[in-house]
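coordinates for the following, if possible.
(2 chains)
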Number of protein chains: 2
Amino acid sequence: MSERIEPASRENAATSSKPNPSFESQVADLLGPKGFTRDAAAVDPWLTDWRGRYTGRAVGLASPASTQEVSALLQLCAKEGVPVVPQGGNSGMVGGATPDKTGNALLLSLRRMDDVTIDPQAKQAICEAGVILQNLHEAAAGEELRFPLSLGGKGSATVGGLVSTNAGGTQVLRHGVMRALVEGLEIVLPDGTVLDLTSPLKKDNRGFDLKQLFIGSEGTLGIVTKAVLALVPAIAARQVVWVGLDSLEAARELLLHCERSMGQALEGFEVLPDSCYRTVLAYLDARPPLEGTHAWHALLEFDADREGAATLPARVEACLADALERGLFEDAAIASNEKQAETFWQLREMIAVAERAHGRAVQHDISVAPALMPATLGELERAIVEQFPDHEVRGFGHLGDGNIHLHVLAPAEAPNNWDDTTAKQISDLVYRHVSEKGGSISAEHGIGQDKLSTLEATRDPAALSLMRSIKRAVDPHGLMNPGKLVQPK
Amino acid sequence: MSERIEPASRENAATSSKPNPSFESQVADLLGPKGFTRDAAAVDPWLTDWRGRYTGRAVGLASPASTQEVSALLQLCAKEGVPVVPQGGNSGMVGGATPDKTGNALLLSLRRMDDVTIDPQAKQAICEAGVILQNLHEAAAGEELRFPLSLGGKGSATVGGLVSTNAGGTQVLRHGVMRALVEGLEIVLPDGTVLDLTSPLKKDNRGFDLKQLFIGSEGTLGIVTKAVLALVPAIAARQVVWVGLDSLEAARELLLHCERSMGQALEGFEVLPDSCYRTVLAYLDARPPLEGTHAWHALLEFDADREGAATLPARVEACLADALERGLFEDAAIASNEKQAETFWQLREMIAVAERAHGRAVQHDISVAPALMPATLGELERAIVEQFPDHEVRGFGHLGDGNIHLHVLAPAEAPNNWDDTTAKQISDLVYRHVSEKGGSISAEHGIGQDKLSTLEATRDPAALSLMRSIKRAVDPHGLMNPGKLVQPK
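Okay, the predicted model is just below:
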């Protein structure tokens, strides 16, 4: 290493170049043998996103063990002009944690930082970024508390990733998305500065909410190293109900009825059409919760803490009896025990997996104002089937949040290049329609690299321009997760 | 107007100069006779903040009637390099809506934009920025809904001001600050661009939460012209309780007990020491809620919607009986009717006014983590009395939020210059101590011009630097409410 090479120009970092040859040894010196590897067997599994749609390359895999190490590493990357791609459980849906193909970026795993502490009195979890969601759930349960956000990937998704992607899930109706549950954050800024926003103040009016800026920013502004998360009392009793309905409009009426009648006790309200229901039943080889045939199904969960536990079953029964009398649904089954409740939820949670096994499809994660969802889904279905005959439209998900996962299934005889041709035309149609309704092309999965061009094509130029200004201000050399979410331009 | 004068240099706008002579007539042409005045009788009342601590001057008072007019006005101001000071009800506590003394800035009132629409199904209020809080309360009540944020200045405070200052109040414990209640915003950016973020999506993961950036930014990044606000069901029943206690530690124990026992039903938990209690009773010439003498008092409110209304009184009684048995308080009185409940609240709401009438004092609006509040207040009291004998310390407010209003009363014989000398030393002590505890020098009142230097002296340089970067990125010419909250530097 006698030859001195000039550090990469910071100004040009956005179009990255190969790192200085000494960079790797500097990282290795900084992080030690557990903290840095170039071994393909160790690195390669993390270079492809979990949906298998993107594969990149990297200088190596850095796994710092502390905030101080992340800070030193980012200082080094800033000095050397090396782009950084942060990664948690690598279970995102939009390629947001996969580096590009140049191999010039450093992959930064937060998985070694996995310490979690529960503060029962403050009802808070203090988590390092690499804490796996399932482990957080278990730690909270140990104190008769719970972290009220869950999703399919809970066995691999990390707190840092959940914060950076503003994750949602099936409990958003009552408890909100990640944004509503983060009470404090620690972030390492692109120049290595540690920004400590972890002091858990309920009220603080000292200007811009810097914390919120990093939630959902997909690692493009800095690296989340720690989060203080809100916990709620453990569930003392729950009632899980499977409902058969004749339309999505009826489901929305039932939702409004349950909100009026049960208030905060309504924790989940998921919907699926009969086609999804049949697919997932067949995939799981499960017994159907209801006997008859219904055009739509809904899965409802009502929860109570200790105070309300005793009266919950009677309240749910009265609520449903009233709804039946008003003709708001066709049939319903209340899970008679925890095991059956789990089975009901299993049907919902396995839809995506069962659908994937079912055949080729193009998927959309869209939202509109909740009141507009039934009509919007109907319009989309008619427009798609008209333009793309033999395709099948299946919308399922979080009706209460106005967030539907819209899958469009290819006909069996579709050509091999269906994904690159027809599927893209279908997506264009969907995103254009949703944007015209004031909706979002990404309700919960984020933008990553998958939807970057769609975002730029559909979003209000004023919002895009403001995002770019902020990106340039916080990450002037464009080193943080380049090619994702926001192009500084 | 034959003489052409070059527009003010944009680069130097932060240190403003006198506007181009044609500026006033351009504004008058744009907004019409109702929209612009220089008449001293009309303008002067708005040039002093309501605490009477700051008085400024202005080019004139602009009162646009629509977002389009705000947009055109900001385009003009950008072109001419004229600073803009936005103003709602002018009831802020930190001089945030008062222009400086140069007279170079335009005072921009949003008060003419006062349209409010309630959407009962979506449980939302769509408000123009000038809607007065009291009017919003009444509009929501007309639909059996409520906007769950209230404060002393509700008869003058406007929605735009509440958003821009991220207002708090006495219902934060359950419903959160303004930040938690804003579902959509419309903002006019410094160059006149209208940023429409009003589409009420429950879930939207298209990147940075731009909306949150403007909440609490005190008009330094743009002008809030519209807000979509969350409403909750009207209160069907409430129980208001006055409690006497022997210490603030006991009050915190009682708070935790009530949270465990009553969950979401606990809507307010305010505390005041005996000295405040006596001052406000004397000021109002009111009958004391309790007979005996207690070192501390607490005001509790428990609420229920229709479902829980019938059982609320019994639940509150059981909760209090249990607390009494555990020795968590000395005495308590449950308001026997609405009139008495209002009287209890009146005692709390009039503290600030009664204290002001009582004599000279220096006031602090501080927060720490809720668990630290009793100890912190004790430490502060001891430190102040030791260094400033004959001064009296009174802390009251929102115990559940960790937010105390700390007043330090001057002795009767204090010299005339007490405000400029001793009071400042006391504040230094308070803010230093709170900052060391990871707390906030401004829990709910904001920074404005009043606390700008204190913020710069106490806040983490990394946070200050990031705020300045964002300010420069969004308002590169420094025209939006200069001299408040953040100095671009």
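
count of neighbours near residue A:234?
Look at residue A:234: counted by other C-beta atoms under 10 Å in any protein chain shown, it has 15 neighbours. For every residue, glycine as well, the C-beta is placed using N, CA and C.

next one: residue A:265
Residues near residue A:265, counting by other C-beta under 10 Å: 24.

that one is in contact with residue A:304, isn't it?
Yes. The criterion here is C-beta atoms under 8 Å, and residue A:265 meets it with residue A:304 at 6.1 Å.

next secondary structure element downstream of the helix or strand of chain A with the lowest mean pLDDT?
Ranked by mean pLDDT, DSSP states H and E, the weakest helix or strand in chain A is helix A:306-309, scoring a mean of 82. Next in sequence after helix A:306-309, counting helices and strands by DSSP states H and E, comes helix A:312-325.

next SSE downstream of that next one?
For helix A:312-325, the following helix or strand on the C-terminal side (DSSP H and E) is strand A:331-334.

picking up where we left off before, identify the contacts common to residue A:265 and residue A:304.
residue A:312 (C-beta atoms under 8 Å, 6 or more residues apart in numbering or on different chains).

re earlier: residues in contact with the least confident helix or strand of chain A?
With C-beta under 8 Å, 6+ apart as the contact definition, helix A:306-309 has outside contacts at A:233, A:236-237, A:265, B:261-263, B:315.

and the spatially most central residue of chain A, backbone torsions?
Closest residue to the average C-alpha location of chain A: residue A:167 at 3.6 Å, with C-alpha atoms, centre = their mean. Main-chain torsions, residue A:167, degrees, to the nearest 10: phi -60, psi 160.

OK, contacts around the nearest residue to it once chain neighbours are set aside?
Leaving aside its sequence neighbours, residue A:167 sits nearest to residue A:178 (C-beta to C-beta, 6 or more residues apart in numbering or on different chains; 4.8 Å). The contact partners of residue A:178, by C-beta under 8 Å, 6+ apart, come to A:149, A:162-163, A:165-168, A:215-216.

tell me which of these has the lowest pLDDT.
Lowest pLDDT of the contacts of residue A:178: residue A:168, 91.

tell me the SS of the closest residue to it other than its chain neighbours?
Closest residue in space to residue A:168, ignoring its immediate chain neighbours: residue A:444 at 3.6 Å, by C-beta to C-beta, 6+ apart. What DSSP: H, G, I helix; E, B strand; the rest coil gives for residue A:444 is coil.

how about the closest residue to residue A:245 other than its chain neighbours, phi and psi?
In this structure, residue A:245 finds its nearest non-sequential neighbour in residue A:296, 4.4 Å apart by C-beta to C-beta, 6+ apart. Main-chain dihedrals, residue A:296, degrees, to the nearest 10: phi -130, psi 150.

if I look at residue A:465, how far off is residue B:474?
Applying C-beta to C-beta, to the nearest Å, the value for residue A:465 to residue B:474 is 10 Å.

looking at those two, which one has more neighbours?
Between residue A:465 and residue B:474, counting by other C-beta under 10 Å, residue B:474 is the more crowded of the two (23 against 16).

now do the SS call for residue A:283.
Going by three-state DSSP, the secondary structure assigned to residue A:283 is helix.

any idea how far chain B is from it?
26 Å (C-beta to the nearest C-beta, to the nearest Å).

mind checking the SS state of the spatially closest residue to residue A:26 that is not a sequence neighbour?
Of all residues not flanking residue A:26 in the chain, residue A:76 sits nearest, at 5.8 Å (C-beta to C-beta, 6+ apart). Of the three states, residue A:76 takes helix under three-state DSSP.

number of residues surrounding residue A:76?
Counted with other C-beta under 10 Å, residue A:76 comes out at 19.

the one 3 residues further on now?
By other C-beta under 10 Å, the residues close to residue A:79 number 16.

list the buried residues for stretch A:254-271?
A:254-255, A:257-259, A:261-271 (16 or more other C-beta atoms under 10 Å in any protein chain shown).

next: stretch A:231-248.
A:231-233, A:235, A:237-245, A:248.

can you show me the CA trace of the least confident helix or strand of chain A as PDB?
Provided in PDB are the C-alpha atoms of helix A:306-309 (Å, rounded to 0.1, in the frame of the first residue of the first chain):
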ATOM      1  CA  ARG A 306     -57.700  -6.700  32.100                       C
ATOM      2  CA  GLU A 307     -60.400  -4.200  32.900                       C
ATOM      3  CA  GLY A 308     -62.500  -5.000  29.900                       C
ATOM      4  CA  ALA A 309     -61.800  -8.700  29.600                       C
END
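
from the buried residues of stretch A:254-271, list the ones also adjacent to chain B.
Taking C-beta under 8 Å from any C-beta of the partner chain as the test, chain B is in contact with A:261-264 out of the buried residues of stretch A:254-271.

got the residue ranges for the strands in the stretch 51-200 of chain A?
A:61-62, A:84-87, A:106-109, A:116-119, A:124-128, A:145-146, A:182-188, A:194-197 (DSSP state E, counting those that start in this stretch).

can you redo those as CSV with mean neighbour count, distance to residue A:480 and mean pLDDT?
Output for the strands of the stretch 51-200 of chain A, formatted as CSV (neighbours: other C-beta atoms under 10 Å in any protein chain shown; distance: least, C-beta to C-beta, whole Å; pLDDT from 0 to 100):
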stretch, mean neighbour count, distance to residue A:480, mean pLDDT
strand A:61-62, 24, 14, 98
strand A:84-87, 27, 6, 98
strand A:106-109, 24, 10, 98
strand A:116-119, 17, 25, 97
strand A:124-128, 24, 19, 97
strand A:145-146, 20, 33, 95
strand A:182-188, 24, 10, 97
strand A:194-197, 20, 13, 97
